[in-house]
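Student: give me a model of this one.
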Amino acid sequence: MDNSSDYDIATIGGGLNGMAAALAVAELGFRVVLIEPRSLKYELPTPFDPRSYAITQTSVEIFKKLGVWSRVDEQRNADILRMEVWDGASRGRLEFSPEPILVPRFGVITEHANLGRALQQTISGHPKIDIAPKTVSSIVPGEDKRDLVFDDNTRLSASLVICADGAWSSTRAMLGIEAEPFSYQQKALVCNVATADPHDHVARQVFHQQGPLAFLPLADPQQSAIVWTNSFETSAELMSLSDEELAKRIEQAFDRCLGDVRVISQRFDFPLHKMHTPRYDAERAVLVGDAAHVVHPLAGQGLNLGIMDAAVLAEVLAPLASEPKLPAAQLRRALRRYSRWRAHDNGLMLHTTDILNKLFAHSAMPIRLLRGLGLNLTNK
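Tutor: Next comes the predicted model:
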């Protein structure tokens, strides 16, 4: 951070969504400060980071425009060329491939560390972005700005504040925007596995009563990242197993679709919630990413929604890029447009994933038969 404390835009939160939002608005010419108390240093692990994302082709194009994708190590990525979904109880099945004329792939599986490193490198060399390794303790409204007060009693001001500090955002509460996360009473276990059979660049997901098990292809043709949703109790049991015992449970739950399984990474589990704020904007402030919305991971769209937030925010702010201090009336209209636009799209995804999660949790025979019939008819 330089000696001046007056910025066009302050972005709070140095995660993937926060870095993307900071880059998107900096590319418009705004002078930006990115506020993140933790180090932004990302290292690529060997062989692969167990935390992976399914990035849509739209998100890839956004990252290309921001100058990020050229810094991603594409040799560590895997294209998604086909998708298969089936019901573990009814054997209903859905298989689909991208339309080659329109798009060559559904998207890309990339690692958290790979994408994080690319974003961090792009930000570090950006002439319009400063980095402040600080913690915000309060946000004070002003006539044509917001003052950010840090826990060391220093402060800076910005004409607009972007809050991108995650689902448990402290700055969202400072703006007076209430959010009530709802617990699914589920946890997702993630780790990387090696399989006897190659994945052939197919993303696969089987739905069970407790939750789905997804296999996401990695760059190695016989390695996949898994995301397995279960109840708290079952997840705790799985986390306590040896790698060999866990592998057997994964094989069974996955119908041995890729043969023998071997766990090859550290494993993590995290609780699942849904959350959608009643609004995304406040006076000279706006929410981006998980600070505004959290969806079930069964569709793998959480990060993609946040990247679209950043792109849409940049689009509505673009006409104001030449305006000094972001005039209040014009900024208010732009942020309301952003809020309506993104709340609609994100709300649709939240409700869709919520309904799917509830639908596949039913064990009653009529529901199972209808699920299977629906999947098979959709496939045909």
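Student: any figure for the gap between Leu66 and His344?
Tutor: 24 Å (C-beta to C-beta, to the nearest Å). The C-beta positions use only the backbone N, C-alpha and C, and glycine is treated the same way.
Student: give the contact list for Lys65.
Tutor: Glu27 (C-beta atoms under 8 Å, 6 or more residues apart in numbering).
Student: if we go to 10 Å?
Tutor: Shown in contact with Lys65 (C-beta atoms under 10 Å, 6 or more residues apart in numbering): Leu23, Ala24, Glu27, Ala311, Ala314.
Student: before we move on, what about Val60?
Tutor: For Val60, counting by C-beta under 10 Å, 6+ apart, the contacting residues are Val68, Trp69, Val72, Asn77, Arg105, Gly107, Val108, Thr110, Ile307.
Student: look at Leu34 and say how many residues are nearby.
Tutor: Residues contacting Leu34 under the criterion other C-beta atoms under 10 Å number 27.
Student: what of Tyr280?
Tutor: 27.
Student: Pro327 now?
Tutor: 13.
Student: give me the distance between it and Trp228.
Tutor: 50 Å.
Student: do the same with Thr171
Tutor: 33 Å.
Student: so between the two, which is more surrounded?
Tutor: Remark: of Thr171 and Trp228, Trp228 carries more neighbours, 27 against 24, as counted by other C-beta under 10 Å.
Student: do I have it right that the more buried one meets Leu216?
Tutor: No: between Trp228 and Leu216 there is no contact under C-beta atoms under 10 Å: 11.5 Å.
Student: overlap of the contact sets of these two?
Tutor: In contact with both Trp228 and Leu216: Val190, using C-beta under 10 Å, 6+ apart.
Student: buried stuff in stretch 158-175?
Tutor: Neighbour counts over stretch 158-175 (16 or more other C-beta atoms under 10 Å) mark 158-167, 169, 171-172, 174-175 as buried.
Student: endpoints of that stretch, how far apart?
Tutor: Stretch 158-175 has an end-to-end distance of 15 Å (C-alpha to C-alpha, to the nearest Å).
Student: any chance you could list what contacts stretch 324-336?
Tutor: 6, 8-9, 30, 143-145, 158-160, 279-287, 313, 315-320, 323.
Student: buried ones among these?
Tutor: Looks like the contacts of stretch 324-336 have 8-9, 30, 145, 158-160, 279-282, 284-287, 313, 316-317, 320 buried, using 16+ other C-beta under 10 Å.
Student: show only the entries of the residues you listed found in strands.
Tutor: Secondary structure from DSSP state E places Asp8, Ile9, Ala158, Ser159, Leu160, Asp281, Ala282, Ala285, Val286, Leu287 of these in strands.
Student: what's the neighbour count on the nearest residue to the third one once chain neighbours are set aside?
Tutor: This means Ala158. For Ala158, ignoring the flanking residues on the chain, the nearest one in space by C-beta to C-beta, 6 or more residues apart in numbering is Ala10 at 3.7 Å. By other C-beta under 10 Å, 27 other residues sit near Ala10.
Student: again with the one 5 residues further on
Tutor: Applying other C-beta under 10 Å, we find 22 other residues in the vicinity of Gly15.
Student: and it, how far from Leu356?
Tutor: Distance from Gly15 to Leu356, by C-beta to C-beta: 26 Å.
Student: pretty sure His276 is touching Val295, no?
Tutor: Yes: contact criterion C-beta under 10 Å: His276 and Val295 qualify, at 8.6 Å.
Student: now do the shared contacts for those two.
Tutor: Asn346, Gly347, Met349, Leu350, His351.
Student: all set now, cheers.
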